[in-house]
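Novice: Here is my input; please provide its structure:
(2 chains)
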Amino acid sequence: MTTTPPAPPKNRTLMRPATVRTTKNRTATWLPPIAVFAGVLAIWYAISYLILDEKRRFLMPPPHEVLAAFFDPKTFNELVVALGRTTFVALIGLAVAIVIGVLWAIAMSQAKWVERSLYPYAVVLQCIPILALVPLIGFWFGFDYPARIIVCVMIALFPMVSNTLFGLQSVDRGQRELFQLQRANRWTVLTKLEFPAALPAIFAGMRISAGLAVVGAIVGDFFFRRGDPGLGSLLSTYTSRLQSAELFAAIITAALLGVAIFAIFGWIGKRVVGRWYDFSAS
Amino acid sequence: MSIATPPVAPATTTDQLLHFEDVAMTFPNGTTALSGVSLTVNRGEFVTVVGPSGCGKSTLLRIASGLTPATEGVTQVDTSRIGYVFQDATLLPWRDVQSNVELLAELNGKPKKDRQKTAKEAIDLVGLTGFEKHLPRTLSGGMKMRTSLARSLTLDPELFLFDEPFGALDEITRERLNDELIKLFTEQQFAGLFITHSVSEAVYLSTKVVVMSGRPGKIVDEFPVEFPFPRDPDIRFTAEFAELCGQVSHALREGHH
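Specialist: Here you go, the predicted model:
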């Protein structure tokens, strides 16, 4: 046979002349986000200096003051140490959420009655205001790392459950019958068909849960304010002391942590399933 | 008219591999897909079922393979080596060609060495040698279907069930795959039950064409096809071929009303 395989679909943009595309696209990719960033800075400055008078400027300190606060040796040190602790809680919480979420979904995928019995609780978990439970969790489990991790897991769990279940159930009927014709048992169907087929959905869930895990790691700490201070305790402290420049610096640090974890899990997902699954298509 | 005998295994042509006796299928929602279908596929035969869409042709294959039990009648399958080619290639997108073709042997617990060897042979038979490491997403529709065919060939089937396997392909690819299927049929000595809605494909491939009516599916006519195997692609342009296609089309139209 002389046929060569057609190019993978991502090459379809080659319809346009290649040279024009590279230069134009590079500018086109970078320009809008930079423009938005500049716009945000401009509005921020405008609010700090044009809308707020000097006495009330602490409500929205200008960007350079936030930057200065961030690089102030004392704050910087506090932030870095807190960032480490929060990252630790977020990663442990995320790992636990991934394991529990995937197992929970697998259990539900095995029988309709299990799904009917367990899925409502996943939805309930998603719907109850975790914030209201945070103090209780503190009373039950103490106010240190275990309690922070539990809050983190509760917040990050749902997307793992729902995405994994969706992935396991989205297996093509023909592929299922292919296994059925060889009389494959449940374990074989799960490991050789359903689980690999669910991986793209699982990774999509991980990205969402990763962002939530950071929020979860901060929330517990923010309320407990005990033990080693993480970003949550710092946010709480800066708020009560009206150190608004430091507060902004801490908020931005927390956001960057979320973005970083989100990006890392996106990257891992691409590495693992990008070979055969086109994320951009979904 | 006598049924054409392909040059393979002429002594065993009367061996029955699949037999339907008065088979009927009514789905739980009350739709009757098949009614009173009697059909036999013997060793050395390649039987094609043509019929309008939704006439229950595919249901017949599902019953033969055991995927769906019939609600009435007797289904007798006299072999355990059954190949099943689906409408879609149903390849696992995370496995390359080699490992997709190995899948069935793997599910049947064959040792790695054996299944690598059988897969290599099957890949060679469908002309995909050199593409072992390719993932399905990089293959054309025709190549995916070849991979799917190779996967079933690893079972060394005595009875091959085809559920409109080339329906989604362009005509050029379809004709080429028809020729390769005839070659495989001549060399590998399996019996075939092939579902299609293309009259010329049916006549070209088979030793017998069975025409089904619209829902509920019933067999309305049967046409033995006597062209010798391996078939010359040019028979498609002969008067006899056109005549036979005409008869089948006519029966299809009759059955539809």
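Novice: okay, CA-based contacts and neighbour counts for the rest of this
Specialist: Fine.
Novice: remind me which residues of chain A are low pLDDT?
Specialist: For chain A, applying pLDDT under 70 flags the ranges A:1-25, A:280-282.
Novice: Quick one: end-to-end distance for stretch A:52-60.
Specialist: Across stretch A:52-60, the terminal residues are separated by 8 Å (Cα to Cα, to the nearest Å).
Novice: what's the neighbour count on residue 109?
Specialist: Using chain A here. Counted with other Cα atoms under 10 Å in any protein chain shown, the neighbours of residue A:109 add up to 20.
Novice: meant chain B, my bad for not saying
Specialist: 10.
Novice: secondary structure element for it?
Specialist: Remark: residue B:109 resides in no helix or strand, with elements defined by DSSP states H and E.
Novice: Just read off the phi/psi values of it.
Specialist: phi 70, psi 30 (degrees, to the nearest 10).
Novice: Can I get the one helix or strand residue A:179 maps to in PDB? Just the C-alpha atoms.
Specialist: Assigned by DSSP H and E, residue A:179 falls within helix A:173-181. Output in PDB follows, covering the C-alpha atoms of helix A:173-181 (Å, rounded to 0.1, in the frame of the first residue of the first chain):
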ATOM      1  CA  ARG A 173     -21.100   1.300  22.500                       C
ATOM      2  CA  GLY A 174     -19.300  -0.600  19.700                       C
ATOM      3  CA  GLN A 175     -16.100  -0.700  21.800                       C
ATOM      4  CA  ARG A 176     -18.100  -2.100  24.700                       C
ATOM      5  CA  GLU A 177     -19.600  -4.800  22.500                       C
ATOM      6  CA  LEU A 178     -16.100  -5.600  21.200                       C
ATOM      7  CA  PHE A 179     -15.100  -6.500  24.700                       C
ATOM      8  CA  GLN A 180     -18.400  -8.200  25.400                       C
ATOM      9  CA  LEU A 181     -18.000 -10.500  22.400                       C
END
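Novice: Following element in sequence after it, please.
Specialist: helix A:186-188.
Novice: now for the next helix or strand after that next one, which elements pack on it?
Specialist: Sequence order places helix A:195-224 as the next helix or strand after helix A:186-188, per DSSP H and E. Packed against helix A:195-224 by the contact rule (3 or more Cα pairs under 8 Å, 6 or more residues apart in numbering or on different chains; DSSP states H and E) you find helix A:73-110, helix A:130-141, helix A:145-169, helix A:231-240, helix A:244-273.
Novice: And those helices: which comes nearest chain B?
Specialist: With Cα to the nearest Cα as the measure, helix A:244-273 is the member of the helices and strands packed on helix A:195-224 nearest chain B (7.8 Å).
Novice: and residue 37, which of the three is it?
Specialist: Reading this off chain A. Under DSSP: H, G, I helix; E, B strand; the rest coil, the three-state class of residue A:37 is helix.
Novice: oops, I was thinking of chain B
Specialist: strand.
Novice: ok, now the one 4 residues further on?
Specialist: Three states are possible here, and by three-state DSSP the one that applies to residue B:41 is strand.
Novice: what sits opposite it in the beta ladder?
Specialist: On the basis of DSSP bridges, residue B:41 is bridged to residue B:18.
Novice: how about it, what does it touch?
Specialist: With contact set as Cα atoms under 8 Å, 6 or more residues apart in numbering or on different chains, residue B:41 has these partners: B:16-19, B:47, B:191-193.
Novice: Nearest to residue A:33 among those residues?
Specialist: residue B:193 (59.5 Å; Cα to Cα).
Novice: Would you confirm that that closest one contacts residue B:43?
Specialist: No: in this structure, residue B:193 is not within contact of residue B:43 by Cα atoms under 8 Å, at 11.0 Å.
Novice: For these two, work out which one has more neighbours and name it.
Specialist: Ranked by neighbour count (other Cα under 10 Å), residue B:193 and residue B:43 place residue B:193 first, with 26 against 22.
Novice: number of nearby residues for residue B:42?
Specialist: 21.
Novice: what about it, distance to chain A?
Specialist: 22 Å (Cα to the nearest Cα, to the nearest Å).
Novice: Skip the chain neighbours and tell me the closest residue to that residue.
Specialist: Excluding the flanking residues, the one nearest residue B:42 by Cα to Cα, 6 or more residues apart in numbering or on different chains is residue B:16, at 4.2 Å.
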